[in-house]
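Student: generate a structure from the sequence data that follows.
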Amino acid sequence: MGPENLLGFALGEWQSARVSVIQLKQIRKDNKWRLKHAFFADMGGFVLRTGDGVRFFLDTKHIHWLLDHQAISMAQFEEHFLLDPKAIDDRNKSDVFVRVIAVGQALWFCVNIIARDIRRMPITTLEITTIGIIIDSVLVYYFWKDKPADVQRMEVVNIQMTISELLLLEENEAVRTQAYFRTPLNFASRKVWSMSLIYIYGMNMLKGILVVGLFYGDRGIRKMQADVQKRREMLANPDPLEGNACLKDRVVHMFWTLAMKLMNNSLENDPNLDVSLVFLLGVPCFAAYTVIRAYILVEDVIAFPALPPDVYRTVDWWGLLPHIT
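Tutor: Okay, the predicted model is just below:
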């Protein structure tokens, strides 16, 4: 996977958090709900516990729905959700100073490469590839600068309503009674941002290839052999009345199943992760991009034996400083 996919995912999370900040600002008429709170919510920092003991995670859209339907009061919101930013920082396992050092080292690497090019010193293709990765990484750091990392302690919010009473607050009966895939408030929050959807779809593609290849290869071969044997038996004893109809139904079913799987490649077939036909047109482009990325990395490694000896030379920064005589 290329770093651009992670950048797209980070952009989608930042976009979701930013929309949450704007919406709650319109409701509360203040700026107390910040990006740091929104990121903390979307990464599973808040857990709702109903009166009958049902627990599930809350994201920003859940919180907005609870406020909009008065399932929680403003007093409860301020007590449980408007955490002190320092309290969120205390749960953050990644220090800001560490992030700054990481970005500084990456940028210093870019400065060295530019300086070597100015001094007409040789540069490897691997270093050029690394610069592209660094640019994407710096942008990811920017979009995630307010996002805590590896938070393990969550904020539990208790309400008196049971889960049945909570769901009855939704006016649309068809929406509240539909099956959910993640939380009972799935209907309130399952809009997936386009950049995040691209990242999830691509990762599911790679996971499917790896799982099938590594864990189900032998099983798949046995199933294929069984299907071949079954077809041989059908050809040996054909049914003249149903043969054509069965063949037509199997072909239609095969293409329909393939189309449905391409439009939703999630393991649980979450309908909120459906993609459009226009999106599917970009799948070959994504596959080509992945192959090109792999080729570039392989080419970078293959080029090592042909590198000139002075490729390991570095810029003499002290020699560039003016000398006082």
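
Student: I figured residue 299 hits residue 124, correct?
Tutor: No - the pair residue 299 / residue 124 is not scored as a contact, 11.0 Å apart, by C-beta atoms under 8 Å. (Glycine included, C-beta is placed from N, CA and C.)

Student: which one's more surrounded, those two?
Tutor: Set residue 299 next to residue 124 and count neighbours by other C-beta atoms under 10 Å: residue 124 wins out with 16 against 12.

Student: so what's that one up against?
Tutor: By C-beta atoms under 8 Å, 6 or more residues apart in numbering, the contact set of residue 124 is 300, 303-304, 307, 311.

Student: those, buried ones only, as a ChimeraX selection?
Tutor: A single ChimeraX command selects the buried members of the contacts of residue 124 (16 or more other C-beta atoms under 10 Å):
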select :300
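
Student: nearest to residue 35 among the contacts of residue 124?
Tutor: residue 300 (36.6 Å; C-beta to C-beta).

Student: doesn't residue 129 make contact with that closest one?
Tutor: Yes - with contact defined as C-beta under 8 Å, residue 300 reaches residue 129; the gap is 5.7 Å.

Student: list residues touching both of residue 299 and residue 124?
Tutor: Residues touching both residue 299 and residue 124 (C-beta under 8 Å, 6+ apart): none.

Student: in stretch 307-314, what's buried?
Tutor: The neighbour-count check on stretch 307-314 (16+ other C-beta under 10 Å) flags nothing as buried.

Student: how about that stretch as CSV, C-alpha atoms only?
Tutor: Extracted as CSV, the C-alpha positions of stretch 307-314 are listed here (Å, rounded to 0.1, in the frame of the first residue of the first chain):
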residue,chain,number,x,y,z
LEU,A,307,25.5,2.6,-7.2
PRO,A,308,28.8,4.7,-7.5
PRO,A,309,31.2,4.5,-4.5
ASP,A,310,30.7,8.2,-3.5
VAL,A,311,26.9,7.7,-3.1
TYR,A,312,27.6,7.5,0.7
ARG,A,313,29.1,10.9,0.8
THR,A,314,27.3,13.5,2.8
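
Student: run through who's touching it.
Tutor: The contact list for stretch 307-314 (C-beta under 8 Å, 6+ apart) reads 112, 116, 121-124.

Student: which SSE is residue 57 in?
Tutor: Under the criterion of DSSP states H and E, residue 57 resides in strand 55-58.

Student: and that strand, what does it pack onto?
Tutor: Counting contacts by 3 or more C-beta pairs under 8 Å, 6 or more residues apart in numbering; DSSP states H and E, strand 55-58 is packed against strand 46-49.

Student: go again using 10 Å as the cut-off
Tutor: Here strand 55-58 is seen to pack against helix 35-42, strand 46-49, helix 60-68, strand 155-158, helix 186-189 when contacts are counted using 3 or more C-beta pairs under 10 Å, 6 or more residues apart in numbering; DSSP states H and E.

Student: what's the last one packed up against?
Tutor: Meaning helix 186-189. Applying 3+ C-beta pairs under 10 Å, 6+ apart, we find helix 186-189 packed against strand 55-58, helix 60-68, helix 173-176.

Student: tell me how far residue 9 lies from residue 291.
Tutor: To residue 291, residue 9 is 21 Å away according to C-beta to C-beta, to the nearest Å.

Student: what stretches of the chain score poorly on pLDDT?
Tutor: Scanning the chain with the threshold set as pLDDT under 70 gives 1-2, 89-95, 150-152, 175, 181, 189-199, 201-283, 320, 323-325.

Student: longest helix of it, counting residues only.
Tutor: Identified as the longest helix of the chain according to DSSP state H is helix 3-28.

Student: ok but residue 52 is inside a helix, no?
Tutor: No - looking at residue 52 with DSSP: H, G, I helix; E, B strand; the rest coil, it is coil, so not inside a helix.

Student: wait, it sits on residue 162?
Tutor: Yes - using C-beta atoms under 10 Å, residue 52 is in contact with residue 162, at 4.3 Å.

Student: show me which of the two is the more surrounded one.
Tutor: Counted by other C-beta under 10 Å, residue 52 and residue 162 do not tie: residue 162 has more neighbours, with 14 against 11.

Student: now the more buried one: how far from residue 72?
Tutor: Residue 162 is 15 Å from residue 72, by C-beta to C-beta.
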